[in-house]
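In: Pasted the sequence and its predicted model underneath.
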Amino acid sequence: MTTPGERGANGLSEFGYAQEMKRELGWYTSFAVAFGFVSIATGIFTAYGSVLSSSGPMGIWTWPVVVIGQLCVALIFGALAARIPVSGYAYQWISRLANPILGWIMGWVSFTFLGVVVVAVDYTIAATILPVLFQYQGTNENAWAITAIVLLLQAILVALSTRATQRVNNVAVTIQLIGMVSLTVLLFVVGGVTGQLDFSTLFSTGDIPREGYFAPGGLTSVGPWALGFLLGAFTIVGFESAANLAEETKNPARVVPKAMAQAVVGLGVLGMLFLVAVTALAGDPVALAQSDTPVADVIARVLGSYVGKALLVLVVVSIFSCGLVISLSGARLVWAMARDKRFPAWQLLNKINGSTGTPMNASVFMFVVAQIVLALFARSTQALFSLFSAATLLPALIYAATVALYIAKRKSLPPSKGFELGRLEIPVLVLAVVWLAYELLIFRDASFAEPWLYLLVMFAIGAVYLVYLLVRHGAKSLTMPDLHDIDKALDTDPHQAPSNAGGNQ
């Protein structure tokens, strides 16, 4: 018998599912999931040097534009999460509101994103941080081995205990928040007292010619200013991971939208202040761009080597937390698609382990996928840039498709259970569309050929499996419970629960 409370914001019966995982996540844990995935310490440390090389110090002023654009995307995601608070986020939303086939494609794109971004994040530890922290020569081989070990540790934690994973991430996010705020304040204070702050650097283009700096570029190239947007576009992604854990969140329709928006705003403000501090203290930005760890170099010079080392430890903690959340989110997405019999080996991947309460098989599967991606990229001398680029391109596609869905269906969306855009809807949509269109145009640059190749290969694999599903079961088998019919049936007969979406295929 389904109680009225179960049919409310926390219930899954109206979506065709039973509650298989415990609802234990509160607001801070949901916020920490969104914050931990985005991780400004990870993103800025990884991408700042690339921005100095491609756009000069003035490239940091692309950051506020990205924050506004991604906040609009987060608000749209929040409006959808408040209506369909189910694990699988974009896969669920597009499958139910548009078309199950389009939803499957979006689920597959999301899976490919999570499979590559966890490697991009963890590879940073091995390639750029540990060699500096422990003073050894980094190579492709030892970076590969260290990344593989980090991925293994994260997979073990995610597979064995959701609660332990959440606690580790909560602690890591708290450390990152306190550490980044303290570090930013220290940089401004010490830099000001010692006279090292030079705010004119904020408007320098370094060794990038000013002529043509803001030019749009050509058919297969973009201008220096546009490349600066990759700093924010790589960093401020993954906030939607909070929506992917909706089935484990208390009152998700209210908590998840708030957590996503607050994470983007908090990260945006703190990240901008930190970028201003580091750039104003850069000294010679042209020389700094040649360093593998430019942020750490600035901090060590201004605050001393001990604080510089402490920053590296903080970044390691932040990156591990980021990879942990990505692994957690990836396992939930694979499990959600397997639950509907729409993922390879779904018979194994749709199970919740009785003793751990986690989708253990899905967690192991994500680990295997990450190791394969690592093996494909790790021998390349441009591995970090390729991973970084692919991990920026894929979410842009996901966000654009989801925003397009919202625009197409906004007049017929199911009732919200806790969050609506209201009068902000049109301005938010306009800003999101303009931002995403501009961001996607950046990826026409020839330097992104390898990420596009990765995307096409993964699309080809997905297309083969989708054709198999359609041939084997037919298009009619790819259906999702109709929200309106289910609500009506429950109102008519509260003793009748709907069948599982995947169980009747």
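Out: Alright, I've got the coordinates.

In: Now tell me what touches the strand or helix carrying residue 451 from outside.
Out: In the assignment (DSSP states H and E), residue 451 maps to helix 449-473. Helix 449-473 is contacted by residues 101, 104-105, 108-109, 112, 116, 342, 344, 376, 380, 382, 386, 389-390, 392-394, 397, 443, 477-478, 505 when judged by CB atoms under 8 Å, 6 or more residues apart in numbering. Every C-beta, even on glycine, is put in place using the N, C-alpha and C of the backbone.

In: right, and residue 62 touches residue 225 too?
Out: Yes. Using CB atoms under 8 Å, residue 62 makes contact with residue 225 at a distance of 7.1 Å.

In: Now the element after the helix or strand residue 320 falls within, going C-ward?
Out: Secondary structure from DSSP H and E places residue 320 in helix 305-339. Proceeding N to C from helix 305-339, the next assigned helix or strand is helix 346-349, under DSSP H and E.

In: now the next helix or strand after that following helix against helix 305-339, angle please.
Out: Using DSSP H and E, the helix or strand that directly follows helix 346-349 along the chain is helix 360-377. Using axes from the mean of the first three to the mean of the last three CA atoms, to 10 degrees, the inter-axis angle of helix 360-377 relative to helix 305-339 is 120 degrees.

In: before we move on, the earlier item: pLDDT of the helix holding residue 451, averaged?
Out: For helix 449-473, mean pLDDT is 85.

In: my guess is residue 418 is in a helix, correct?
Out: No. Counting by DSSP: H, G, I helix; E, B strand; the rest coil, residue 418 falls outside a helix, being coil.

In: Mean confidence (pLDDT) on the helix holding residue 320, please.
Out: 90.

In: again with stretch 152-166
Out: Stretch 152-166 comes out at a mean pLDDT of 90.

In: CA-only coordinates of it, as PDB, when you get a sec.
Out: Below are the C-alpha coordinates for stretch 152-166, written out as PDB (Å, rounded to 0.1, in the frame of the first residue of the first chain):
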ATOM      1  CA  LEU A 152      40.800   2.200  -7.400                       C
ATOM      2  CA  LEU A 153      40.600   3.800  -4.000                       C
ATOM      3  CA  GLN A 154      37.600   5.900  -5.000                       C
ATOM      4  CA  ALA A 155      35.800   2.900  -6.500                       C
ATOM      5  CA  ILE A 156      36.300   0.800  -3.400                       C
ATOM      6  CA  LEU A 157      34.900   3.600  -1.200                       C
ATOM      7  CA  VAL A 158      31.900   4.200  -3.500                       C
ATOM      8  CA  ALA A 159      31.100   0.500  -3.800                       C
ATOM      9  CA  LEU A 160      31.400  -0.400  -0.100                       C
ATOM     10  CA  SER A 161      29.600   2.500   1.600                       C
ATOM     11  CA  THR A 162      27.500   5.500   0.500                       C
ATOM     12  CA  ARG A 163      27.600   6.900   4.000                       C
ATOM     13  CA  ALA A 164      31.400   6.700   4.300                       C
ATOM     14  CA  THR A 165      31.700   8.200   0.800                       C
ATOM     15  CA  GLN A 166      29.400  11.100   1.900                       C
END
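
In: and the spatially closest residue to residue 78 that is not a sequence neighbour, how many residues sit next to it?
Out: Excluding the flanking residues, the one nearest residue 78 by CB to CB, 6 or more residues apart in numbering is residue 257, at 2.8 Å. Residues lying near residue 257 (other CB atoms under 10 Å) number 28.

In: Run through the residues that contact residue 257.
Out: Residues near residue 257 by CB under 8 Å, 6+ apart: 75, 77-79, 81-82, 418-419.

In: if we take those, which one ends up nearest to residue 271?
Out: Of all those, residue 75 has the smallest distance to residue 271: 18.6 Å, by CB to CB.

In: Tell me which residues touch residue 106, please.
Out: Neighbours of residue 106 in contact, by CB under 8 Å, 6+ apart: 90-91, 94, 398, 401-402.

In: Nearest to residue 294, out of these: which one, please.
Out: Nearest to residue 294 among the contacts of residue 106 is residue 398, at 29.8 Å by CB to CB.

In: Might you report the residue contacts of the closest one?
Out: When contacts are counted by CB under 8 Å, 6+ apart, residue 398 touches 90, 106, 109-110, 113.
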